[in-house]
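Student: Fold the following and give me the result.
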Amino acid sequence: MLEPLRELFPKNIYLNLAIALKSLGSFKLRTFLAIIGVVLGTLSLITVANTSRSMELKTIKDLERFGKNLLTVKSGLMRGHGSPGALTESTKLTLDDAIAIKESSPLINRVAPVSSKTFPLRYKSTTATGTMMMGISMEFLKLKKIPLAGGRLFTEVDEKEMRKTAIIGSKAAEKLFKDEDPVGKYIFIYRVPCEVVGVLEPMAIDLSGINEDNIIYVPLSTFMRRLVNTSKINLIYVEATREEVVGQSKGEIEVLLRQRHNIKKGERDDFTVTDLKDINAMQTKTMKIVVTLGMITSAISFTISSIGILSIMILMVNERRVEIGIRRVVGAKKRDIAIQFLTESSFISLMGAVAGLMAGIALSYGISALAKIPFAVSPGGVIISVAASIVTGIASGIYPSIKAMEIQPVNILRN
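Tutor: Purely as a prediction, here's the structure:
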C-alpha cells in the first residue's frame, strides 16, 4: 500500500509509516473508533466555519444588491380585536408618508415605497398559493439590483399607464410554468390577467426577510389601483446620502412619522425603522454564537478522540514489548522508539482529519445548496482543523512513547 511512497520519503520515515500501518491493521476496530472521534471533531469545525463564511458572502451580496446606507420603514404590529393577545399588521403607512420622508431632509437620497399582499396565482389549470405580490415603484428599481434570468424590468410607461405587467420569482415560475418560458405569457393574479415580462434569478431570502424566489413584482400604481384598490403601503425603503448620517436619518424619520400618525408620548409606534446593517450585525452575532458552539463541540470531539488514541497506543506498547526490546538490541535508540509511536498516533489523527475534512466540505456544499447561499471553504477552518488533529495526535502519543522508551531490552530478552 505504501510502496508508491517509497521514493517520496526518506528511508527512516517510510519505514516508520510502514510499521505504523501494519501495527494499526492489527487493531482495526479500535483504530476505527479512534479515527471516528477526529472525524467528528474535524467535521463539525469545518462545517461551522464554511457555513459561517457562506453566510458572510451572502450578506455581502445582499447588501450590494440593496445598495448602501439603506433604512427600511415597515408597518408595525398592533393589538387586534380578536382573541386575547392577537396581533394584526398596522396599515397606516401611505404614499404621502413616503413623499414626506423624501422632502423632510437633505440627508435622504432616495425613497422607494412598496406595498404587498399574498395572492394565489393561476396559469391555465395550474395554481400556486402563498405567493407574495409586491407593488414596486421605479425608485425601487433604481435602489435595488434585481437580477433577471430572462425578460425585462418595468418601464416608466408601465408605471404611468398602470399596465398589468409582472416580474415573477424563480420558484413561482417553476410551479406555474414547469419547463415553459414564462416571458410573454399571461397569468391570473386572483382574477386579474397580467403579462409576465421578466423572471428573476434564484435569490432565496433577502436581508429584509422576503423570499424573493416566491414573489411577484408588479408596478406600484397597478397594484394599488387595479389589483387591491388601496392607498396604504407596507414598506418604505430609504437611502441616506452617506453612511455617516444613517443613524441621524433614522431618528428624524421616527420623529416625523410619529407626528404624522398623531402618536402621543408614551404610545407605541405603528411602524418600525430598521437599518439593514443592524440586521447584518445581528446575523453576524448569531453566527458567532453558532461558531462558538461548533468550536466547543469540536473541542469535545477532539478530547474524546485523544483519549481513544491514547488508550489504543498504550495497548500497542504492551502488545509490542518484544518488538521494542529486539529493536533496541539491534541498535535502535530511545528516540527512534519515541518517533515510531508518535508517528503512529499522528497517523491515526491525520487519517481522521482527512476524512473529516472531505465530509465537512461535502456537508457544507449540501447546506449551501439547500439554503441557496454561496458555497465557500474557510481557509482558517481548514488550518485550525488540521492543526488540531496534529496536536491531538502528538499529545496522545507522548505518554505511550515515554512508556515505550522505559522498556529495558535486557528484561525483555530475559523473559
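Student: can we go C-alpha only for contacts and neighbour counts from here?
Tutor: Will do.
Student: in the stretch 1-150 of the chain, which spans are strands?
Tutor: Taking DSSP state E, counting those that start in this stretch to define them, one finds strands in the stretch 1-150 of the chain at 70-75, 77-79, 87-89, 108-123, 126-136, 148-151.
Student: got a markdown table for these, with distance to Ser364, mean neighbour count and mean pLDDT too?
Tutor: As requested, those are exported to a markdown table (distance: least, Cα to Cα, whole Å; neighbours: other Cα atoms under 10 Å; pLDDT from 0 to 100):
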| stretch | distance to Ser364 | mean neighbour count | mean pLDDT |
| --- | --- | --- | --- |
| strand 70-75 | 31 | 22 | 87 |
| strand 77-79 | 37 | 16 | 47 |
| strand 87-89 | 37 | 14 | 44 |
| strand 108-123 | 33 | 20 | 89 |
| strand 126-136 | 29 | 19 | 88 |
| strand 148-151 | 26 | 15 | 90 |
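Student: need the helix or strand of the protein with the lowest average pLDDT.
Tutor: Counting by mean pLDDT, DSSP states H and E, the weakest-scoring helix or strand in the chain turns out to be strand 87-89, with a mean of 44.
Student: check contacts around Glu267.
Tutor: The contact partners of Glu267, by Cα atoms under 8 Å, 6 or more residues apart in numbering, come to none.
Student: so which helix or strand takes in it?
Tutor: Taking DSSP states H and E as the criterion, no element holds Glu267; it sits outside all helices and strands.
Student: quick one, phi/psi of it?
Tutor: The phi/psi pair for Glu267 (degrees, to the nearest 10) reads phi -90, psi 150.
Student: tell me which element Ile167 is part of?
Tutor: Ile167 is located in strand 165-168, with elements delineated by DSSP H and E.
Student: Oops, could you answer that again for Val255 instead?
Tutor: Val255 is part of helix 246-260 when elements are defined by DSSP H and E.
Student: could you give the angle of that helix to strand 108-123?
Tutor: Between helix 246-260 and strand 108-123, the angle comes out at 70 degrees (axes from the mean of the first three to the mean of the last three Cα atoms, to 10 degrees).
Student: Now do helix 246-260: distance to the chain's middle.
Tutor: Offset of helix 246-260 from its chain centre (Cα atoms, centre = their mean, to the nearest Å): 33 Å.
Student: Excluding chain neighbours, give the residue nearest to the residue positioned nearest the centre of the chain in space.
Tutor: Closest to where the C-alpha atoms of the chain average out (Cα atoms, centre = their mean) is Met55, at 3.4 Å. Using Cα to Cα, 6 or more residues apart in numbering and skipping the chain neighbours, the partner closest in space to Met55 is Ile373 (6.9 Å).
Student: hmm, who's touching stretch 361-370?
Tutor: Identification of contacts with stretch 361-370 by Cα under 8 Å, 6+ apart yields Ile46, Thr47, Asn50, Thr51, Ser54, Pro374, Phe375, Val377.
Student: Tell me the buried residues in it?
Tutor: Ile361, Leu363, Ser364, Tyr365, Ile367, Ser368 (16 or more other Cα atoms under 10 Å).
Student: Quick check: the gap between Ile253 and Ser306.
Tutor: 58 Å (Cα to Cα, to the nearest Å).
Student: give me phi/psi at Pro338?
Tutor: Slight slip there: residue 338 is Ala, not Pro. Here Ala338 shows phi and psi, under degrees, to the nearest 10, equal to phi -60, psi -40.
Student: ok so, going back, quick one, which of Ile253 and Ser306 is more surrounded?
Tutor: More crowded of Ile253 and Ser306, by other Cα atoms under 10 Å: Ser306, with 25 against 22.
Student: What number of residues are in the vicinity of the residue nearest to Met55?
Tutor: Burial of Ile373, expressed as a neighbour count using other Cα under 10 Å, amounts to 21.
Student: And stretch 337-349, how far out from the chain middle?
Tutor: In terms of Cα atoms, centre = their mean, the centre of stretch 337-349 is set 37 Å apart from its chain centre.
Student: For the protein, give the helix that spans the most residues.
Tutor: Among the elements of type helix in the chain, defined by DSSP state H, the one spanning the most residues is helix 276-319.
Student: any idea how far Pro193 lies from Ala359?
Tutor: Distance, Pro193 to Ala359, using Cα to Cα: 49 Å.
Student: Hmm, I typed the wrong one, I wanted Thr292.
Tutor: Counting by Cα to Cα - Thr292 and Ala359 are separated by 20 Å.
Student: cool, Ser52 as well?
Tutor: With the distance defined as Cα to Cα, Ser52 ends up 17 Å from Ala359.
Student: Could I get the contacting residues of Lys92?
Tutor: For Lys92, the set of contacting residues under the criterion of Cα under 8 Å, 6+ apart consists of Ser75, Lys232, Ile233, His261, Asp270.
Student: For the residues you listed, work out which two are farthest apart.
Tutor: Put simply, by Cα to Cα the two of these set farthest apart are Ile233 and His261, 14.2 Å from each other.
Student: Those two: which has the busier surroundings?
Tutor: Between Ile233 and His261, counting by other Cα under 10 Å, Ile233 is the more crowded of the two (25 against 14).
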